[in-house]
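Trainee: Make a model of this:
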Amino acid sequence: PAPAPAPVPSHVMLAAAAVVPTGQFLPPPGSAERNVALQNEVTRILGRGPRLDEFKTASVGLRKGDADIREYVRLCARLFGSKFNSVFAEMVVLLPSLELQRSLVAAYMDVKGSASTNAWGAVAIDLTTCPCGQVVRRTDLAAHTAAHPVVASSDFPSLPSAPPRTKAPQFRREQRGWGK
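Mentor: The predicted model follows:
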């Protein structure tokens, strides 16, 4: 079995009083090299030919919003076979669209739950979602968190405080019946 991911060191954990900006993709560590390695792995697994062309066409359709996301996940599982989990996880974390990342993970979970194929393997994909909304590998979480442009809540303006009340407000109860 794969070793458990290292815990996130306390010095990189986000404080409860911090605000994490959302919607901004932060490339994972070594993303340029990882992207080249992923492309090489995809080509090695699928070969140069109709399977690679089918994958590329489906991927372009997905990025354009023309493809059904669950069908895309099924196609990837069929094409990559036993290598699916590792290839799929790396594809997701390198994808710069946070919305598409989360949609792919949700589709993966839906399709995996209803799959009768063994392509999913015994090990689940090693991904987590940061509070900012980005999907990252658990092993990249510490670096991702440290790269956040965290804004302390003390940097936001505060409203002036109201003067203290000396006694509780008194509410007058009116003696009215229904419809009067």
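
Trainee: mind showing which ranges of the chain have poor pLDDT?
Mentor: Counting by pLDDT under 70, the chain has low-confidence residues at 1-22, 114-124, 149-180.

Trainee: residue boundaries of the helices in it?
Mentor: 31-46, 50-64, 69-80, 84-94, 98-113, 141-147 (DSSP state H).

Trainee: Format those as JSON lines; extra columns: distance to Cys132 and mean neighbour count.
Mentor: Quick note: C-beta positions are derived from backbone N, CA and C, even for glycine. Output for these, formatted as JSON lines (distance: least, C-beta to C-beta, whole Å; neighbours: other C-beta atoms under 10 Å):
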{"stretch": "helix 31-46", "distance to Cys132": "16", "mean neighbour count": "14"}
{"stretch": "helix 50-64", "distance to Cys132": "21", "mean neighbour count": "14"}
{"stretch": "helix 69-80", "distance to Cys132": "22", "mean neighbour count": "18"}
{"stretch": "helix 84-94", "distance to Cys132": "13", "mean neighbour count": "20"}
{"stretch": "helix 98-113", "distance to Cys132": "8", "mean neighbour count": "17"}
{"stretch": "helix 141-147", "distance to Cys132": "8", "mean neighbour count": "18"}
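
Trainee: Show the backbone phi and psi for Cys132.
Mentor: Taking degrees, to the nearest 10, you get phi -80, psi -10 for the backbone angles of Cys132.

Trainee: Is it in contact with His148, as I believe?
Mentor: Yes: at 6.6 Å, Cys132 counts as touching His148 under the criterion of C-beta atoms under 8 Å.

Trainee: one step back: identify whichever of the helices of the chain lies nearest to Phe25.
Mentor: helix 98-113 (6.1 Å; C-beta to C-beta).

Trainee: Chain neighbours aside, what residue packs nearest to Gln101?
Mentor: Val135 (4.1 Å; C-beta to C-beta, 6 or more residues apart in numbering).

Trainee: beta partners for that neighbour?
Mentor: Taking DSSP bridges, one finds Thr129 as the beta-bridge partners of Val135.

Trainee: For it, give its distance to Ala147.
Mentor: To Ala147, Val135 is 15 Å away according to C-beta to C-beta, to the nearest Å.

Trainee: before we move on, what about Gly113?
Mentor: For Gly113, the distance to Ala147 - C-beta to C-beta - is 33 Å.
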